[in-house]
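J.: this one's sequence-less:
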Ligand SMILES: NC(=O)c1ccc[n+]([C@@H]2O[C@H](COP(=O)([O-])OP(=O)(O)OC[C@H]3O[C@@H](n4cnc5c(N)ncnc54)[C@H](OP(=O)(O)O)[C@@H]3O)[C@@H](O)[C@H]2O)c1
């Protein structure tokens, strides 16, 4: 297993929810965490905050450049920033489809593109995209969210295809319901039976510890039984 001490990891969406739990877990493992956040004051203690707003693509490049200037390298990127406004087939609104595409799909693209040369350079680069079970099947009444997460599944495969010979390994980490602000509106499944952000953080750490010869393409995490998943 890989020693994570001293590894420099970029985590988007680090202020809240899964991204925050991942940040705290990786800090405890000895990583240097560069937190990509919209409000620097809300980055977890112990991380180094950089401004990253998925709706402002230039901030991805500045986040990575600032990280490399400060720490000299990038070993891994965890794309955890995401949104889930409702966007349905028959009602839209189209604006929500566009926002979902911009934040959930293009956000990770810009962050990966900016980090790419550094991930190549370190020889064992890692990308974890927090996708969703909504990237595997359409079950909830939010087509726009599902489409954005299906896109993240394709993006993850492309990172593996393009990065493999450079030692880059990528995983789509796909939870169902997780007890965060994002599920605040969910009533069809009890909150205490949702996955915990800390459980996802543990899996993210495990993924980063795996060597180049044991790469997980997709990791599906259920909090409720589903026939096909
Ligand atoms: N919760 C679930 O049930 C669940 C299930 C499957 C997958 N996921 C995925 O897991 C990831 C994390 O979700 P979560 O549950 O932790 O949600 P959350 O608690 O709502 O946190 C969302 C995070 O994304 C950030 N963010 C939102 N818009 C952004 C933007 N334009 N630019 C940069 N950052 C932005 C937020 O930053 P601010 O604090 O600045 O708003 C926040 O840190 C998302 O990709 C989500 O789709 C969640």
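T.: Nice, thanks for sending it over. Here the structure is a predicted model, which means the values were calculated and not measured. Numbers count the residues shown, from 1 in each chain.

J.: is the ligand within reach of the longest helix seen in the chain?
T.: In the chain, with assignment by DSSP state H, the single longest helix is helix 143-163. No: between helix 143-163 and the ligand, judged by Cβ under 6 Å from any ligand atom, nothing touches; the nearest distance is 6.8 Å. (C-beta placed from N, C-alpha, C; glycine too.)

J.: now that helix, how far from the centre of its chain.
T.: Offset of helix 143-163 from its chain centre (Cα atoms, centre = their mean, to the nearest Å): 11 Å.

J.: same question, stretch 42-53
T.: Taking mean C-alpha positions (Cα atoms, centre = their mean), stretch 42-53 and its chain are 15 Å apart.

J.: any idea how far apart the tips of that stretch sit?
T.: End-to-end distance for stretch 42-53: 14 Å, by Cα to Cα, to the nearest Å.

J.: just the strands in this protein please.
T.: All strands of the chain, identified by DSSP state E, fall at 8-12, 32-37, 48-51, 76-79, 126-130, 169-175, 218-221.

J.: who are the packing partners of the longest helix of the chain?
T.: Packed against helix 143-163, as judged by 3 or more Cβ pairs under 8 Å, 6 or more residues apart in numbering; DSSP states H and E, are the following elements: helix 94-100, helix 107-122, strand 126-130, strand 169-175.

J.: helices or strands up against the third one?
T.: Spelled out, that is strand 126-130. Secondary elements touching strand 126-130 (3+ Cβ pairs under 8 Å, 6+ apart): strand 76-79, helix 107-122, helix 143-163, strand 169-175, helix 197-209.

J.: from those, which stretch is densest packed?
T.: strand 76-79 (a mean of 29; mean count of other Cβ atoms under 10 Å).

J.: just to revisit the earlier point, can I get the strands of the chain in CSV with distance to residue 69?
T.: Output for the strands of the chain, formatted as CSV (distance: least, Cβ to Cβ, whole Å):
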stretch, distance to residue 69
strand 8-12, 12
strand 32-37, 11
strand 48-51, 10
strand 76-79, 17
strand 126-130, 21
strand 169-175, 25
strand 218-221, 32
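
J.: how close does residue 132 get to the ligand?
T.: 4 Å (Cβ to the nearest ligand atom, to the nearest Å).

J.: who are the neighbours in contact with the nearest residue to that residue once chain neighbours are set aside?
T.: What sits nearest to residue 132 in space, not counting adjacent residues and going by Cβ to Cβ, 6 or more residues apart in numbering, is residue 149, at 4.4 Å. Going by Cβ atoms under 8 Å, 6 or more residues apart in numbering, residue 149 touches 104, 131, 132, 134, 135, 174.

J.: point out the residues in the protein that sit beside the ligand.
T.: Of all the residues in the chain, those lying near the ligand are 12-13, 15-19, 38-39, 52-55, 80-84, 103, 130, 132, 175, 177-178, 180-183, going by Cβ under 6 Å from any ligand atom.
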